[in-house]
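In: next comes the sequence, and after it the predicted model I'd like to discuss.
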Amino acid sequence: MAPIFEYFVVCGIGPEIRTLDGNRGYHGSSVMYLPFLLDQYPPSSHTLYPPPPPQLPTCVLPAGVQFYTSKNPSVPRSYPIVLTEGDGSKIYVSCIEFRDPVCDDVAEAHRIPPNSFADKCICLVSRAPAFGILREALEELFLLCFSSSGSSKPLWEVIAHLVSNVPLPTPGKDRVLFAIENSLLAVEVPPKDGLPHVDHVYIPLLFFSGVDYIDAPTPYMMGLHSGVDTFGLVMDGVVVVDLEHNLITTTEDIPSIPEPENSSLRGDLMKLLYPNVVGIDHMKTGSFIEQCPRGGSRPWGEDHDLHLRFIFLKFFASILGGYRNFIENTATHVFNSQAFLKKRSRSTNQPPDPMISQFVESQGFFDYLERGLGSEENGNNLLDRLQDAVGRGQNPMSILPSLSSEPEIVTISDPGLGISDSGAKYCYDRFPSNARTEEQEEKRKQILAAASGALEYSGKLTQNSTSALAGKDSKPESLSPREMAAERERMVLDIQVKLQGLWLRLLKLGATDDPLSSFEYGTILALIESDAEGIGGSGFVECIREHIHSGWNCQLTDEQFIAVKELLKTAINRAIARNDMVTIRDALEVSAEMHKKDVNNVSDYVQRHLRSLSIWEELRFWEGYFDYLLDRFSNNNMLVAPQLAANILQVRTAVKNVGEGLIALLWFCWSTNYATLVTTQLIIVATHMAGLELPDTDAWNMIETIAGKNNIGYKHIIQLRGFLSHIRQIFIGYWGIYSGKSQSLSLYGLSSPRPQDAADDTHQSSEATGVGRSWVQSMFSRDRASSFSRVTTNENGTLHKPEVSAAGQKKVQTNIRMLRGHSGAVTALHCVTKREVWDLVGDREDAGFFISGSTDCTIKIWDPSLRGSELRATLKGHTRAVRAISSDRGKVVSGSDDQSVLVWDKQTTQLLEELKGHDAQVSIVRMLSGERVLTAAHDGTVKMWDVRTDTCVATVGRCSSAVLCMEYDDSTGILAAGGREAVVNIWDIRAGRQMHKLLGHSKWIRSIRMVGDLVITGSDDWTARMWSVSQGTCDAVLACHDGPVLCVEYSMADRGIITGSNDGLLRFWENDDGGIRCMKNVTIHNSPILSINAGEHWLGIGAADNSMSLFHRPQERLGGVSSTGSKMAGWQLYRTPQKSVAMVRCVASDLERKRICTGGRNGMLRLWDATINI
């Protein structure tokens, strides 16, 4: 018989340590690291077993590995995973994650603090969906390892016996008994004609780098962290269940379940989940029938699983009742869906149901018919048998197979057990490692030696640098400056020799070698990353340059290409940090030479894969590179044409230093040669820009700026523009359009393959719409004389574009801007009023700011008035996602999942105070007058803080559960809060007492609004309520929504209420004859309404699908409406922008300037300026 356990695997931190971003080495306990496969049985050298899936470590430890200073006994967690192999077969994994001490040799090599712990995961892998026995066996192994009494055999011998000898039982016939030490376990496999298991991919938490799996065209169920960026994914047919906000969103409309099946399914599930409650309800009506397991306090078990699966089998049997009568050809299983739908419509007296119509046309139902499950010859089909049993009035449970006889017992004995009874033999303080081969041990030593050597070199270099800086103050026994210089030269030479050897060995990697795990790659990377003076990075680039000059053809294999690309990226990043322009320049040039060839013999150069580095967008780099090219040309030609080179240098000096008269004279003499030389060097610059695939407008602006400073002629400008356009078209023809930035897709006059890309292209000039007509028009326009003035630079050499005229703005501006800056989902948005920013930027009409917080732990301040440069500041200080933001004239306050509240200086962006006192994530912050801050958190407390003294003045309110919404009237001292306890709490802060606990809602309270004596609340129970603060009573219940009410607003001018719900509806309410009723419904949004902001004349709305709308109350209705007319019905839709595909977490609006901003899960802010009509 085949074994039931295919693999035992251990994953965690190994000898090679790498962060989730790919950086090697240990970077502290706050950083997450990549997991690796550490041990396995059968070993990797075993020829009869295929290796485990390569994605297994990242699937079992999806969040990565973290280091700890202590071992938390409550950490071990058990969970299952289902994965799909390349051939479509499924593997089932049971996992236990725990903290284990870091190996001593790893800690020593990477300088990890002693007595550290790290995440580790042990797994049992099987081809059978026997999760129960997988979990039990794994738990026994875990307990045996850390048992105080120990085990009678080495742990890996126990594992080897378990994997090698326990067979997979015959379904429905055998029961296999086996022992792990003193624990007896049994495994059975259900009969083949029993209820099937769901054979879908299941991953409890998807690792960040596997986000592309969401687009997989296969059924799956995956957990996804809210901070994962899903921007750019198609997500067709994906149902997203947002556990944070209790929302369900889909990319397509899913029809509802028809009646009476819907009520029956809901009732059966309620009986299973809440048997006691449902039982009481049925006992009252006298119709209680016990068909489900009783006892609501009993833990979930196998009988619950069986009944849950059977409930859904009954559901499908009901909606497909009599379907076999409509199979017209039993050989080919042709199903007459139209006749089936008509028959069901007649029997239910209802029109054809959309859900069943879609289901019988689905691929899943066709597959069901093609497998012959619907044929009369197949007597093992549970669906057909259930329909027959219901038709005959039999007990539906009778269709399940029953064992006619006791299963045959198969006992698996372990000959090594029970030989010695002298007590514990093998005890472990950590999970042990399996025995390694000599080759594995040698490779481990090489990796650790490389890591240790790189750190020792870094420490030695730092010590020498410190000694050199000390100079004459150093001790007498230290080296003299000349000796130190000689020592450093020897060290540099030694590093270069080592790099040369490693580089040559790296080029000899075979097609089966993994370059990123090779010793050569790891050592080179360690030398580059650990070198504070840049010897490693510059030396590596110099190695490549010398190899090219020696006659190397620069062609790389696919494996070598990956390694060289990553090493060059690291070297350039380090050089950017040191401002080492020489190394960056040399790396740019060698990257343009090295290439690989695909199956069509098309060359792919390393250079085009360096596009993501920010240095290429800086004008100062390209100006320096252009000067280097001119100097190199002059030096190379000094011997063959000394007079020409000298004249060129004279002209360049004159252009920069002398008056206009002398410039004109020199230009008359030497303009032809000098203009040609400048054009030639700019062509080289343009070639590199095209190779890096810089956006066309950015590249041309920088080239035009450099050309303008060197005063070359008009004809040369045209030649340059034509060359840049031509070479860019050639690059696109070879490799397509670079996909790193969505806005670059339309820069070349090509249509975007995705509609949202076209919508996201927010601030391109008129020259960006095509490479043919647009740039020629810009050359021959009447304002050509000011061509060079279109680009200016600041003191740092950063490129800036001056403002254009109002007429030009109408052509180039768009009403939607995409603000990019966050690397995680935007979780908080705050709109700053004009009064708050007056003392920061002046009293300008367009001075409204937006402040955003994200799961990347940063806060960003945006100024919409600075079009193209909206990002004003980035505030760093939180260690987890930012959930709440507020501000006043001079400060910004933020609350986070890290349980802290931070106060920042808005003008200097300096962190002023850290307010600690909450015991759970902070959900709400409010900045009050008098340097006070009001905060609420998931620990149920509301606290008042004094920023000046950095202290909590008082805990002004306490709730029994998390606070989700809060309102405070500073003029009266009345505080209202609601949350998960479904109670509205009212406190009088000044009197220090709780006024009311308003009961009425049955589910979470999501939103609250307080105006004077009126409090309005919205809840997950699908209702909104109006309360009186003074009386403590509920004055009205607003119950017309078909989903949770997520936001409520009060219109001061109309004295009406506006509610937004999960059903996408916007409802306007007002008092009518002593009561309140809905006067108007708005259905322009198709997803949950997240924000409503009402002003005197304007109303801003934002929804979860990234749609926005702005409503206006016409002026003539102000005071002109009769007493019998509806004021709330006077709101009219003013404008709504084109919606782009994105999931939105938060919305903020600035009604003074008619702007609405949304924060998406992709980390981008979408700013709509409704004053721009496009």
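Out: Yep, it's here. What you see is a predicted model, and the numbers here were worked out from it, not measured in a lab.

In: from here on, contacts and neighbour counts on C-alpha atoms
Out: Fine.

In: which parts of stretch 1010-1022 are buried?
Out: The neighbour-count criterion (16 or more other C-alpha atoms under 10 Å) identifies 1010, 1015-1022 as the buried residues of stretch 1010-1022.

In: out of these, which is nearest to S1149?
Out: Closest approach to S1149 among the buried residues of stretch 1010-1022 (C-alpha to C-alpha): M1010, at 19.0 Å.

In: secondary structure class for that closest one?
Out: strand (DSSP: H, G, I helix; E, B strand; the rest coil).

In: ok, now which ones touch it?
Out: 967-969, 976, 1016 (C-alpha atoms under 8 Å, 6 or more residues apart in numbering).

In: can you lay out the buried residues of stretch 1010-1022 as CSV showing distance to K445, pLDDT and secondary structure?
Out: What follows is those, written out as CSV (distance: C-alpha to C-alpha, whole Å; pLDDT from 0 to 100; DSSP: H, G, I helix; E, B strand; the rest coil):
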residue, distance to K445, pLDDT, secondary structure
M1010, 67, 92, strand
V1015, 69, 93, strand
I1016, 67, 93, strand
T1017, 64, 94, strand
G1018, 62, 92, strand
S1019, 61, 91, strand
D1020, 59, 87, coil
D1021, 62, 86, coil
W1022, 63, 87, coil
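
In: tell me the one among those nearest to F117.
Out: D1020 (42.3 Å).

In: what mean pLDDT does stretch 349-365 get?
Out: Averaged across stretch 349-365, pLDDT comes to 80.

In: from the chain's centroid, how far away is it?
Out: Put simply, stretch 349-365 sits 36 Å off its chain's centre (C-alpha atoms, centre = their mean, to the nearest Å).

In: same thing with stretch 1096-1113?
Out: 27 Å.

In: try stretch 874-888
Out: 18 Å.

In: buried ones in it?
Out: Quick answer for stretch 874-888 (16+ other C-alpha under 10 Å): 874-876, 878-888.

In: stretch 435-454 now?
Out: In stretch 435-454, counting by 16+ other C-alpha under 10 Å, buried: 444-454.

In: doesn't G853 make contact with V826?
Out: Yes - the criterion here is C-alpha atoms under 8 Å, and V826 meets it with G853 at 5.8 Å.

In: could you count how many residues lie near the residue lying closest to N985 once chain neighbours are set aside?
Out: Spatially, and ignoring its direct neighbours in sequence, N985 is nearest to K997 (4.8 Å; C-alpha to C-alpha, 6 or more residues apart in numbering). Counted with other C-alpha atoms under 10 Å, the neighbours of K997 add up to 16.

In: from A873, how far out is T19?
Out: 27 Å (C-alpha to C-alpha, to the nearest Å).

In: do A571 as well
Out: Counting by C-alpha to C-alpha - A571 and A873 are separated by 28 Å.

In: repeat for Q66
Out: In terms of C-alpha to C-alpha, Q66 sits 30 Å off from A873.

In: which one's more surrounded, the two?
Out: Neighbours per residue (other C-alpha under 10 Å) separate Q66 from A873, with Q66 holding more: 21 against 16.

In: might you report the residue contacts of that one?
Out: Contacts of Q66 (C-alpha under 8 Å, 6+ apart): 29-33, 118-119.

In: from these, list the buried ones, please.
Out: 29, 32-33, 118-119.

In: tell me which residues touch the closest residue to G539 other than its chain neighbours, please.
Out: Excluding its sequence neighbours, the residue lying closest to G539 (C-alpha to C-alpha, 6+ apart) is Q496, at 5.6 Å. Counting by C-alpha under 8 Å, 6+ apart, Q496 touches 536, 539-540, 543.

In: same thing with V1144?
Out: Taking C-alpha under 8 Å, 6+ apart as the test, what V1144 contacts is 1103-1106, 1158-1161.

In: what's the closest non-adjacent residue to it?
Out: Closest to V1144 by C-alpha to C-alpha, 6+ apart is G1160, at 4.1 Å.

In: tally up the residues packed near P204, please.
Out: So P204, with other C-alpha under 10 Å, has 16 neighbours.

In: tell me the buried residues in stretch 918-938?
Out: Neighbour-count burial for stretch 918-938 [16+ other C-alpha under 10 Å]: 918, 920-928, 932-938.

In: what do you get for stretch 238-255?
Out: Taking 16+ other C-alpha under 10 Å as the criterion, stretch 238-255 shows 238, 249 as buried.

In: quick one: distance of it to the chain centre.
Out: On C-alpha atoms, centre = their mean, the centre of stretch 238-255 falls 17 Å from that of its chain.

In: next: stretch 3-12.
Out: With C-alpha atoms, centre = their mean, you get 30 Å for stretch 3-12.

In: first-to-last residue distance for that stretch?
Out: 26 Å.

In: which residues touch it?
Out: 35-42, 52, 57, 60-61, 65, 118-128, 134, 159, 162-168.

In: cool, and stretch 948-958?
Out: By C-alpha under 8 Å, 6+ apart, stretch 948-958 touches 913-915, 917, 931, 940-946, 987, 989, 992, 994.

In: please save the CA atoms from that stretch in CSV.
Out: Taking C-alpha atoms only, stretch 948-958 is exported to CSV below (Å, rounded to 0.1, in the frame of the first residue of the first chain):
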residue,chain,number,x,y,z
ARG,A,948,2.1,69.8,26.6
THR,A,949,2.8,67.4,29.5
ASP,A,950,2.7,64.1,27.5
THR,A,951,0.2,62.6,30.0
CYS,A,952,-3.2,61.1,30.0
VAL,A,953,-5.5,63.5,31.9
ALA,A,954,-8.3,61.0,32.3
THR,A,955,-10.0,58.0,30.9
VAL,A,956,-13.2,59.8,30.1
GLY,A,957,-15.2,56.7,28.9
ARG,A,958,-15.2,53.0,29.1
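
In: same question for it, mean pLDDT?
Out: 86.

In: same check, this time on stretch 19-35
Out: 85.

In: buried residues in that stretch?
Out: 19-20, 23-27, 29, 32-35.

In: distance check, D1073 against G992.
Out: Taken as C-alpha to C-alpha, the span from D1073 to G992 is 38 Å.

In: comparing the two, which residue is more hemmed in?
Out: Neighbour tally, D1073 and G992, criterion other C-alpha under 10 Å: the higher count belongs to G992, 13 against 7.

In: mind listing what the more buried one touches?
Out: V956.

In: SS state for G824?
Out: coil.

In: isn't it right up against G1159?
Out: No - counting by C-alpha under 8 Å, G824 sits too far from G1159 to count as a contact (10.5 Å).
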